[in-house]
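> Below is the sequence, then the predicted model.
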Amino acid sequence: MGFTEKQEALVNSSWEAFKQNIPQYSVLFYTFILEKAPTAKDMFSFLKDSAGVPQDNPSLKAHAEKVFEMVHDSANQLRAKGEVTLTNATLGGIH
């Protein structure tokens, strides 16, 4: 399945918007996750001992930034090569 130029542009523009306010969008991202799957809270060490999503947590911010950057990079690879090559081979074993 190919990745269109329009889809790539959407991912790229979303990445640029995310970078403008990483702390706010990080909290929003994890809030949405926990609304959909409350039991997912235990998957994240930085959420386990908190009530809800902490507003100012460096670990949460760093993790969300990595996730969004990986989506951005994957979209670019998919458009350029038609496939995605993971740079972190252990990722699937962790998640």
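Arrived safely.
> how far does whichever strand or helix holds Glu8 sit from the chain's center?
For Glu8, the enclosing helix or strand under DSSP states H and E is helix 5-20. On the basis of Cα atoms, centre = their mean, to the nearest Å, the separation between the geometric centre of helix 5-20 and that of its chain is 13 Å.
> Put the alpha carbons of that helix into PDB.
Presented in PDB, the C-alpha positions along helix 5-20 are these (Å, rounded to 0.1, in the frame of the first residue of the first chain):
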ATOM      1  CA  GLU A   5       1.900  13.000  -1.100                       C
ATOM      2  CA  LYS A   6      -1.200  14.400   0.600                       C
ATOM      3  CA  GLN A   7      -0.900  11.900   3.500                       C
ATOM      4  CA  GLU A   8       2.800  12.800   3.900                       C
ATOM      5  CA  ALA A   9       2.000  16.500   3.900                       C
ATOM      6  CA  LEU A  10      -0.600  15.900   6.600                       C
ATOM      7  CA  VAL A  11       1.900  14.100   8.800                       C
ATOM      8  CA  ASN A  12       4.500  16.700   8.200                       C
ATOM      9  CA  SER A  13       2.200  19.600   9.000                       C
ATOM     10  CA  SER A  14       1.000  17.800  12.100                       C
ATOM     11  CA  TRP A  15       4.700  17.300  13.200                       C
ATOM     12  CA  GLU A  16       5.400  21.000  12.700                       C
ATOM     13  CA  ALA A  17       2.300  22.000  14.700                       C
ATOM     14  CA  PHE A  18       3.300  19.500  17.500                       C
ATOM     15  CA  LYS A  19       6.800  20.900  17.700                       C
ATOM     16  CA  GLN A  20       5.300  24.400  18.400                       C
END
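> quick one: the spatially most central residue of the chain and Ala51, what's the gap?
Most central residue of the chain, judged by C-alpha distance to the mean C-alpha position with Cα atoms, centre = their mean, is Val67 at 2.8 Å. Between Val67 and Ala51 the computed distance is 23 Å (Cβ to Cβ, to the nearest Å). From N, CA and C alone the C-beta is placed, and that goes for glycine too.
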